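1. The sequence and its predicted three-dimensional model are supplied below.
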Amino acid sequence: MDIGPDGQRAPSGEVATSLGTSDYIARLNTLGRTGVLDDLAALRAENREFETLINDAAVLVALPTIEDMIAFVTSRLLDRFIPQRLLFLVEDPFGEGVRQYLYRNLKLDAEPVPNDFYQPLRDWFRDNPHPQAFEGLEARMGTDLGPFIHDFAPRMLIPMLGIGGLHGLVLLGPGVLSEEYASHELMYVNRLMRFLSIGIQNSLYHETSITDAKTGLYNHRYFQKRLDEEVARVVRHESQAGLIMIDIDHFKRFNDTWGHLAGDEILIAIARAVRSSVRAVDVPARFGGEEFCVLAIECEEGRLLEFAERIRTAIASLRVPFEAKVLSVTASLGCCTIDGSMGLSGPGYLDKADKALYRSKGSGRDRSTLYRFGLLDRAAARRAAHSPLREARAAARPS
């Protein structure tokens, strides 16, 4: 039994509720003086912060490209504060230097910046793998990082770390509204950048798994996968696409004459020419050796040969300096329309494009040839479409 405030016994299990308002206020004041209420409010705010961060991280790691990830991070910073300058430096997985993503007031600036300061910072963060305030950093390093860093005036430098070690840096410049950042703002940035680091490293690993290391184009395996997917899409939507195969003319003779190092320079130059000649939606790849190929998305037969000719002329116009010499090559191309009505698989279309390529070589090289489906091809497609086995499989499918 509980004793009520009037001295009478309260029934068992009941809580006395007749405390006056002044008593509650007194107790709240006591809790306030001890700091418990402030701690509780801080915990609630921190929980909201963690919930926001987890939601942001879930979106971040699901984005397909590094550019998308960095754009998302800058958009999230806009909800809190606006850095005057923000620079992301990401090491290229193929040793092609450092990729730069410079933002001024959260707007992407394509102007390249000098990054001679990156290697000293990389060496420093290898032994000090945690965010560093820029103030006093040069003195601790014993290095002058140069005029760009001084003009940039970063408030914080954040290393991007992963299983493979350091793969980039983030330079957080002063804020627009207030040059200095509050501790909770820096905490949010540091935590978000950790998730960005994980996302970027996953993207870099994926990039190396589908990319040819020498040329930077997609590799053979990825191209085959994309070709099969595109054939299925063309059949499903009754649309068209194009396939172009490229072979460097007399490349063995070129290597025997100038050496394999010169041959590598030619391969890299051709890869750049091919990449600059295709659209963002297309799939350029190194097929193997001196062979390249392009999957042209949503490309009709009437435009495919023009597309191939644009690539051919870009290759023919290359002038590649090598050891005080200027080298050039030509290429032969074969192309084939991917037409869902033909009933071919990816390898089937590759065979047709290859036949067109050999016609180009047999006709004098340095030209493009389009494989045109004839009556025999269409008759074969019709027979395949109405074969007893195909009809039996169709009948066996559940309705």
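-> That came in fine, so what should we check first?

2. May I see the buried residues of stretch 249-268?
-> D249, F251, F254, N255, W258, A262, G263, E265, I266, L267 (16 or more other Cβ atoms under 10 Å). C-beta here means a position set from N, CA and C on the backbone, and glycine is covered the same way.

3. Columns secondary structure, distance to I311 and pLDDT on top of those residues, output as a markdown table?
-> Shown next, in a markdown table, are these (DSSP: H, G, I helix; E, B strand; the rest coil; distance: Cβ to Cβ, whole Å; pLDDT from 0 to 100):
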| residue | secondary structure | distance to I311 | pLDDT |
| --- | --- | --- | --- |
| D249 | coil | 14 | 97 |
| F251 | helix | 16 | 96 |
| F254 | helix | 19 | 96 |
| N255 | helix | 22 | 95 |
| W258 | helix | 23 | 95 |
| A262 | helix | 22 | 96 |
| G263 | helix | 19 | 96 |
| E265 | helix | 19 | 96 |
| I266 | helix | 15 | 97 |
| L267 | helix | 15 | 97 |
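
4. Out of the residues you listed, which two sit at the greatest distance?
-> By the measure Cβ to Cβ, D249 and E265 form the most distant pair in the buried residues of stretch 249-268, at 16.5 Å.

5. out of the buried residues of stretch 249-268, who's nearest P120?
-> Ranked by distance to P120 (Cβ to Cβ), the buried residues of stretch 249-268 are led by E265 at 30.6 Å.

6. Quick one: residues contacting the closest one.
-> Taking Cβ atoms under 8 Å, 6 or more residues apart in numbering, we find E265 in contact with V320, F322, L327.

7. Relative to G95, how far out is it?
-> Taking Cβ to Cβ, to the nearest Å as the criterion, E265 is separated from G95 by 16 Å.

8. for G162, same thing?
-> Distance, G162 to G95, using Cβ to Cβ: 17 Å.

9. And Y101, by the same measure?
-> From Y101 to G95 the distance is 19 Å (Cβ to Cβ).

10. Neighbour count for the two, which is higher?
-> Neighbour totals were compared for Y101 and G95, and Y101 leads with 21 against 7 (other Cβ atoms under 10 Å).

11. I would like the residues contacting the host helix or strand of that one, please.
-> Y101 belongs to strand 98-104 when assigned by DSSP states H and E. Identification of contacts with strand 98-104 by Cβ under 8 Å, 6+ apart yields 66-67, 70, 74, 83-92, 108-109, 111-113, 115, 118, 168.

12. which one of the contacts of E265 has the most neighbours?
-> That'd be L327 among the contacts of E265, by other Cβ under 10 Å, with 18 neighbours.

13. so for the helix or strand E207 falls within, what's the average pLDDT?
-> Assigned by DSSP H and E, E207 belongs to helix 183-210. Across helix 183-210, the average pLDDT comes to 89.

14. Which SSE is immediately downstream of it?
-> Per DSSP H and E, the first helix or strand lying C-terminal to helix 183-210 is helix 220-237.

15. Next, the buried residues of that following helix.
-> For helix 220-237, by 16+ other Cβ under 10 Å, it's Y222, F223, Q224, R226, L227, E230, V231, V234, V235.

16. Now do the buried residues in stretch 330-348.
-> 331-340, 342-344, 346.
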